[in-house]
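Trainee: Give the three-dimensional model of this entry:
(one chain, ligands or ions: 1)
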Amino acid sequence: MIKPFEKPIYVTRPFLPPFDGFCEELKEIWESQWLTNNGPILRRFSDLLSRFFDTDNICLFNNGTLALQIALQGMEISGEVITTPFSFVATTHALLWNKIRPVFVDIEPDYYTLDPEKVESAITPLTSAILAVHVYGHPCQINSLSDIAKKHNLKLIYDSAHAFGVKIGNRSIADFGDLNLFSLHATKLYHSLEGGMLIFKQTRLKNTFNYLKNFGFKNELEVVMVGTNAKMNEIQALMGIQVLRYLEEIIQRRSKLSEVYRRRLVEIPGIRLVPAMSADIMYNYAYMPIEVDEREFRLSRDALYEKLKHWNIFGRRYFYPLICDYACYRSISVENPLTVARRAADRILTLPIYDSLQISDVERICEVIRLIHLGENAR
Ligand code: T4K
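Mentor: Numbering: from 1, shown residues only. Take a look at the predicted model:
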């Protein structure tokens, strides 16, 4: 008889490089006594990422949220920005911190990214940019969004927080749009403890972002902007360097787990999986979202989420509620009915996926979901 997991199985666990190797490289920090403020390890990390993404237009931050706030400020985005309500709340927070009005439009039903048709009809004379999210690492409809942005002279900004390592036709996802934000938070498949990274097209923005993340200092005596403190420290950078060595392995491992999930879950009535991606996309398996059809599964998404906890399985309802439904956003009027986004927010559960999860764990999670569906042995 199948038993609950002995230890909690969370939606994610961070990849950690070998402990001894990390300590060995920490010695450099102890010896130099250089802990932050553009130190040598941070510079090395930045060079490494420049090579990885094949661009010098890169800037590192202490987290993704501040990176996005600074991006919007540095690019002088103002007025209205068209964005998705189906994301982590930080996407919209970054707009409000810059006094920009978010205009929420609907998503498409397959991969849950911004629906380009809805974007075009929401453009007004006040629109300055589109802020789209490669949610779960699923690439947005980049060609359509790029055409709309060009046609209406709008900046195209991607929140690629979930999309590290994703490629389209052998090009990094960071190649598309005017700017990409990546989160390097511990919960991401690639991380630097906490961290954020901007990759952008316009070279002149590099100085601006560097000033803004360091109080606006240009040099010891000149403060040229009202900046903040958003610098990445040396230990974050060291973690980033070390985890990068394992990126391919991490993605491959997740790909295998995802395959097992898909094979097992497809047999359970009422569980819908994201359609297979087109062959030119190299996905990173950042999340494992499933949609629960209450009628066919015989239980709601929320009931499944609660029942799984009794088996020590902690999925997450990313992203419920929709951002526009949080108390702090309810006063912002939403024209678009957001039908698809509401349905996704009500039905999606993201299941555990991380490199140290075992294939046998995934099989057990799927078996538990099947039992819950059958109402057998349901705890
Ligand atoms: N844009 C998007 C689209 C984003 O998703 C995010 C962040 C951002 C922007 C902003 O980037 P950052 O400023 O964060 O760099 C988590 C993360 O904190 C957040 O980074 C992430 N998105 C969001 C989707 O998820 P929570 O509140 O769900 O995290 P928490 O603490 O509940 O962690 C989830 C699970 O992960 C835990 O149940 C256990 C595991 N965990 C977590 C941490 C922190 C560990 O095993 N070890 C850990 O150290 O927000």
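Trainee: Show me where the stretch 251-379 of the chain dips below the pLDDT cut-off.
Mentor: 377-379 (pLDDT under 70).
Trainee: Check the stretch 101-250 of the chain too.
Mentor: If you take pLDDT under 70 as the line, the stretch 101-250 of the chain has no such spans.
Trainee: quick one: the strands in it?
Mentor: Ranges of strands within the stretch 101-250 of the chain are 101-104, 127-133, 155-159, 167-168, 171-172, 179-183, 196-200, based on DSSP state E, counting those that start in this stretch.
Trainee: winner for burial among the ones you listed?
Mentor: The highest mean neighbour count among the strands of the stretch 101-250 of the chain, using mean count of other CB atoms under 10 Å, belongs to strand 179-183: a mean of 29. In this view, the C-beta of every residue, glycine as well, is placed from N, C-alpha and C.
Trainee: Quickly check: that strand near the ligand or not.
Mentor: Yes - contact of strand 179-183 with the ligand (CB under 6 Å from any ligand atom) involves Ser183.
Trainee: out of the strands of the stretch 101-250 of the chain, nearest to Ile251?
Mentor: Nearest to Ile251, of all those, is strand 167-168, at 10.5 Å by CB to CB.
Trainee: How about stretch 302-310 and the ligand, any contact?
Mentor: No - using CB under 6 Å from any ligand atom, stretch 302-310 never reaches the ligand; the gap is at least 11.5 Å.
Trainee: circling back: could I get the strands of the stretch 101-250 of the chain in TSV, plus columns for distance to Asp361?
Mentor: TSV is the format used below for the strands of the stretch 101-250 of the chain (distance: least, CB to CB, whole Å):
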stretch	distance to Asp361
strand 101-104	37
strand 127-133	29
strand 155-159	30
strand 167-168	28
strand 171-172	31
strand 179-183	25
strand 196-200	31
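Trainee: can you pull the contacts of the nearest residue to Thr65 once chain neighbours are set aside?
Mentor: Spatial nearest neighbour of Thr65, excluding adjacent residues (CB to CB, 6 or more residues apart in numbering): Ala90 at 4.4 Å. Contacts for Ala90 were tallied using CB atoms under 8 Å, 6 or more residues apart in numbering; they are 64-65, 68, 161.
Trainee: Quick one: the residues you listed as TSV, columns for neighbour count too.
Mentor: Formatted as TSV, these follow (neighbours: other CB atoms under 10 Å):
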residue	neighbour count
Gly64	26
Thr65	23
Leu68	28
Ala161	28
